[in-house]
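*Asks:* Turn this into a model:
(4 chains, ligands or ions: 2)
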Amino acid sequence: MAKSDIEIAFAQAKAAGRVAVIPFLMAGDPSVADTVRLAEACAAGGADLIEIGWPFSDPIADGPTIQAASQRALDQHIGRDEVLETLALVHQRTGLPMLLLSYLNPLLSMANLSPLRAAGVAGLVIPDLALEQTPAIRTQAQELDLAVIPFAAPTTTEQRLADIGRTADRGAFVYCVSLLGVTGSRQGLPAGALPLLQRARKLIDVPLAVGFGISGPQAVAEVCRDADGVIVGSALIDIVQRDGRQAVESVQRFVGELVQAGYR
Amino acid sequence: MAKSDIEIAFAQAKAAGRVAVIPFLMAGDPSVADTVRLAEACAAGGADLIEIGWPFSDPIADGPTIQAASQRALDQHIGRDEVLETLALVHQRTGLPMLLLSYLNPLLSMANLSPLRAAGVAGLVIPDLALEQTPAIRTQAQELDLAVIPFAAPTTTEQRLADIGRTADRGAFVYCVSLLGVTGSRQGLPAGALPLLQRARKLIDVPLAVGFGISGPQAVAEVCRDADGVIVGSALIDIVQRDGRQAVESVQRFVGELVQAGYR
Amino acid sequence: MPTEPDAGGHFGDFGGRFVPETLIPALDQLQQAFSEAMADSDFLAELDRLNREYTGRPSLLYHARALSQAVGGADIYLKREDLNHTGAHKINNTIGQALLTRRMGKRKLIAETGAGQHGVATATVAALFGMECEVFMGAEDVRRQSLNVRRMELLGTRVRTVESGSRTLKDAINEALRAWVGSVQDTHYVIGSVMGPHPFPLMVRTFQSVIGQEARTQVVAHTGRLPDLLVAAVGGGSNAAGLFHPFLDDDVAMVGVEAAGEGLEARHAATLSRGRPGVLHGARSYVLQDDEGQIQEAHSLSAGLDYPGVGPEHSLWKDSGRVQYVSCTDQQAVTALIQLSRTEGVLCALESAHAVAEAIKQARQLGPGKTIVVCLSGRGDKDVDELNRFLEAHPDGQV
Amino acid sequence: MPTEPDAGGHFGDFGGRFVPETLIPALDQLQQAFSEAMADSDFLAELDRLNREYTGRPSLLYHARALSQAVGGADIYLKREDLNHTGAHKINNTIGQALLTRRMGKRKLIAETGAGQHGVATATVAALFGMECEVFMGAEDVRRQSLNVRRMELLGTRVRTVESGSRTLKDAINEALRAWVGSVQDTHYVIGSVMGPHPFPLMVRTFQSVIGQEARTQVVAHTGRLPDLLVAAVGGGSNAAGLFHPFLDDDVAMVGVEAAGEGLEARHAATLSRGRPGVLHGARSYVLQDDEGQIQEAHSLSAGLDYPGVGPEHSLWKDSGRVQYVSCTDQQAVTALIQLSRTEGVLCALESAHAVAEAIKQARQLGPGKTIVVCLSGRGDKDVDELNRFLEAHPDGQV
Ligand SMILES: Cc1ncc(COP(=O)(O)O)c(C=O)c1O
Ligand SMILES: Cc1ncc(COP(=O)(O)O)c(C=O)c1O
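*Replies:* Ligands and ions are numbered 1, 2, ... in the order given. The predicted structure is shown next:
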């Protein structure tokens, strides 16, 4: 079987001796054009993959930063068409392997998922889709060659880690949640990150990306020997919010710092 | 036994072919001097007896007019001494047979009732002292030759009217309540007045005075053939309140009209 | 000490009938209806049925283990009148009086209310029996018990705000008595406590005695014996009389708790502790009054205890020494309320909190192995606004 | 139609577990603790003891004669959950979950609340069991149910106001789920209705089934047979599920009443009537959502029904046709509340008033000789301010 874009991206970072950097942006926050511009900045900064969020009314796994981003996008009437447009443009402009973060309900409301594939999505990150649940969506995703990225958390038992390892898509990675809690930038590297990564490593073959609460280069440096990828969302959105019109440069610089910090 | 002042006053009015007129004033409303001046005006107007009220915190048998009068007096710190002073002065200045209206509790708080007798009180009108109740106060009053005036009401049964007739002090009268309700001026003669007076007349030998809701000459004229006396309180106080500094003349004129209206 | 009044409604030197003549025949009628009803097994069966099927009686006797443990003394049992329909013991009385009203052929009810619980209980039976109802409430109480005002209105009752005097319970009773004098032929005045002219003190105590009768059976079922001590708050005294009366002939200590408000040297409502005998609202009893017999304003954070009078039977019990009367300040009541709430998850009425405070004190003194039954006369929903205001004004009072 | 879910908590196509991975082990632990507890006679005895001695169960089944007569149709019986300690059915569930929490060795509780009744019920058991407690409540609900906010605080619970989204129950649940993700190791999330991820819908329904079990015995005692119809309001669906479940296999009709708010064509909370299947708050069920799967804001005057989701078992019951789901507007609920209040002296919660409105309608249709059991899920004290506002804004609505 051919390697997936995701696999290739992780492999390339590994070959370069560093962790893969996966910035997260909310589609349409505050406009499609902005998201695309910021995604380009991420790419220019050296990102290895990119994750785009589908704004949702009830983001239960997200802290205040991403909740607010979601709300801003919804307030701008970012609906399904705008999300698809954002995805397609980000994919075109950056060429990066692209993940879509979406809660389950907006996906369930699509007749089928092929528009996602057409827009260039390589993998789905669904925070409220637990391992046990196999709604039709998993089958559909498989048919479309869309990876469904599983989660592992500090509370996940060895037994479940093994199950996750066994069922993870070969062409995908496992999203390791660094802490007990929702998304949002934290001071320092969350304490749960390294123990989880070390436990997961023993039971899971695919790459491990760590996310939730990764605040910047310092945290990336601390985690880069144990993780294959880092997902940085809230910290990036905080910068965009802080810097307004200057955000494109800030984002490019910040992603660059993350990449630099990720060398082992 | 010698005739009491009260008996004499009723007898004289009767001899004159009219109903006895008994104005009511609240002691110390709004000052001792005012009450005395107004009592003099009543006498000048031709009153036959006079009734003075002891201001009380909880006058359950009184309507808004007398409640307010009571409250005004209490607000001016009219206490027992001021009430006794008022009684003594009214008695001196008017020479009229004098009744004291008081709720029971202020009387119970006196070591004995002799100061009342000394101030010239001839009879006690106690709205919350029912016939059945014979606290020490009745004995004391008897010893002091203070009549305790019994009440009769529209709800009073024939049986009770007979009891009242039997126990009424020989030298006193019976206070006939003209209506179901509290004191306070009413339009027209209250409908309960005549039926009660007619029922009472059959069972009671002492004079019958009617009170509660007697508003002026018209009502007096309507009742004068059935009653021996009329007690006028709220209507008088309303005039005092209305006329302020001119009240002395108004009161004298009003009492005069009551007297005129009372000829049979 | 006699446990029943004489024919004139005298409990020793107390009680009687001190009302305008107009009301005497209505009181005679009521007395007769009441004594006939008490001898009528159909009436008693109907009363019992309503107590069970409507009010939800028997109310629980709850062993407050966590509170007892926290206090480290005697076992405290709570007689849960707060679980009654409408949330207080008041309904025990209003159901009885509504049945009597129907028996007398009257169709309208009036009532006074302080905390609003008696008003709600009266409004409730008025709705149930299809009677018109008007409730008098002091303006001050309307303010601090606004929840209950709205409840009465939703039940179809007209609430009449009383602006005279201290604008609390005392003045509401004055106004209700005045209204009754004017409407006595078709209207029954549902007095809310063991006060007023005969036969009210006897009648209300009789209807409330279901509290003590049940508690007696329940405490024996729980512990195998009678309790050592009964504690109840005393406003007019109906919940206390209801709890105490069935135990009068037993070797059981009893404490009635009055409201000491801001303290016995300041504004308070401790009628039995600080008053002297007098006549108020139709009966001779202890009264808070000045030297010249003017009734004094009472003060308690708890609207239901904010009354300068007390039921005549309590005056007898005090003078005879059968019941001990103590008092509890606003602050102590609030502290006890919060302690009960936090240990047992039971938010009681401010009135009841006075009893809880004393029970906690007594439990410490009596020590383990002893049993205390406290009348939890009502629930605290009605008091949360008032508590809020108190805690904001007394931040140190927060536990 | 299966009356029990499969091992994964699926009620037909509904239910399941749609939550962040972090919570899965806690749900496993809970599921295990729950199924062990249900097989443990000590646990069941303790649950039963608390139901009886603390909550005051069994709650009355009250024959609303006056209402039935006024309506002129079937006999209406009210299952009086409003008489429970804390004033609603919610405590049936929180006691069970608190016992499980202790069994799992956790010491902290969190909960969401809409009307505040579940919050109060959770705060209450937290106090009783000596546990810390934090309750999430939408800012809009904090405003309209301020009484319950103060009650929770007096019980020692911290109330966290939720400002996100529609600032009602939905958002309180979001925030509670987020908080649980961050505290799952020492904290139990006491979900307040038959919703959320497995095992919550099964567990809450099990604890609430005491309603239906009692009602079954009681209605047979009253009438000699099973009722013709059960009616209950449906917010999340716990009081309805508790009443209905024990009758599922019987020839008894059942109607669940959702909140039609300002009308089904305007703002409402009629999830089963107007929603479509989706995933919200951890389970697949009917959801009010737009074409693209965004959850819609619900609207009901009654905070406890103001929710765009519903328990998965109800979705199954709807699709299978076993239960009929209808809806009732704010105005109709208020009218029914006042009618019940004025005929029976029972002031029910706005939530329960939705069921009463439907029962009145059905009683007319069914006609005399038939029996309807309505779940009177809670008392109305909490709602008087909100009713006041509504009646002021809709003066025509006053009966
Ligand atoms: C809950 C509660 N407890 C006690 C009282 C005091 O009344 P009583 O002394 O008659 O029991 C009241 C009066 O409103 C009350 O509402
Ligand atoms: C009294 C009452 N009834 C009903 C409900 C609705 O909840 P459920 O549908 O879970 O019974 C609530 C929710 O708060 C409530 O407080």
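
*Asks:* For the residue of the stretch 101-250 of chain C found nearest chain A, give its distance to C:Ala349.
*Replies:* With distances taken as C-beta to the nearest C-beta, the stretch 101-250 of chain C approaches chain A most closely at C:Leu147, which sits 34.1 Å away. Backbone N, C-alpha and C define where each C-beta goes, glycine included. Separation of C:Leu147 from C:Ala349 (C-beta to C-beta, to the nearest Å) stands at 12 Å.

*Asks:* Could you pull up the residues touching C:His85?
*Replies:* C:Tyr54, C:Thr55, C:Gly56, C:Ile91, C:Thr124, D:Arg80, D:Leu83, D:Val346 (C-beta atoms under 8 Å, 6 or more residues apart in numbering or on different chains).

*Asks:* how about CSV for these, with neighbour count, distance to B:Pro23 and secondary structure added?
*Replies:* Shown next, in CSV, are these (neighbours: other C-beta atoms under 10 Å in any protein chain shown; distance: C-beta to C-beta, whole Å; DSSP: H, G, I helix; E, B strand; the rest coil):
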residue, neighbour count, distance to B:Pro23, secondary structure
C:Tyr54, 23, 54, helix
C:Thr55, 24, 53, helix
C:Gly56, 23, 58, coil
C:Ile91, 29, 48, helix
C:Thr124, 30, 47, helix
D:Arg80, 23, 61, strand
D:Leu83, 26, 59, helix
D:Val346, 29, 54, coil
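
*Asks:* What is the nearest of those to C:Leu340?
*Replies:* When the contacts of C:His85 are compared for distance to C:Leu340, the smallest value, 20.1 Å, is given by D:Leu83; criterion: C-beta to C-beta.

*Asks:* isn't that closest one right up against C:Leu83?
*Replies:* Yes: between D:Leu83 and C:Leu83 there is a contact under C-beta atoms under 8 Å: 6.5 Å.

*Asks:* overlap in contacts of those two?
*Replies:* When contacts are counted by C-beta under 8 Å, 6+ apart, the set common to D:Leu83 and C:Leu83 consists of C:Gly56, D:Gly56.

*Asks:* Quick check: the residue of the stretch 101-250 of chain C closest to chain A is in a helix.
*Replies:* Yes: read with DSSP: H, G, I helix; E, B strand; the rest coil, C:Leu147 is one of the residues of a helix.

*Asks:* so what's the nearest residue to it once chain neighbours are set aside up against?
*Replies:* Leaving out its chain neighbours, the residue that sits closest to C:Leu147 by C-beta to C-beta, 6 or more residues apart in numbering or on different chains is C:Lys382, at 5.2 Å. Under the criterion of C-beta under 8 Å, 6+ apart, the neighbours of C:Lys382 are C:Gly87, C:Ala115, C:Gly116, C:Gln117, C:Gln145, C:Leu147, C:Asn148, C:Ala349, D:Asp381.

*Asks:* Report the separation between C:Lys382 and C:Gly156.
*Replies:* The separation that C:Lys382 has from C:Gly156, given C-beta to C-beta, amounts to 19 Å.

*Asks:* what residues are up against the spatially most central residue of chain A?
*Replies:* Nearest to the centroid of the C-alpha atoms of chain A, with distances taken as C-alpha atoms, centre = their mean, sits A:Glu51, at 4.3 Å. With contact set as C-beta under 8 Å, 6+ apart, A:Glu51 has these partners: A:Ile22, A:Pro23, A:Phe24, A:Leu25, A:Met98, A:Leu99, A:Leu100, A:Leu101, A:Val125, A:Ile231, A:Gly233.

*Asks:* Got a ChimeraX select line for the buried ones in those residues?
*Replies:* In ChimeraX, selecting the buried portion of the contacts of A:Glu51, with burial taken from 16 or more other C-beta atoms under 10 Å in any protein chain shown, looks like this:
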select /A:22,23,24,25,98,99,100,101,125,231,233
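
*Asks:* okay but A:Val36 is in contact with A:Thr86, surely?
*Replies:* Yes: the criterion here is C-beta under 8 Å, and A:Val36 meets it with A:Thr86 at 6.6 Å.

*Asks:* Nice, that's everything, thank you.
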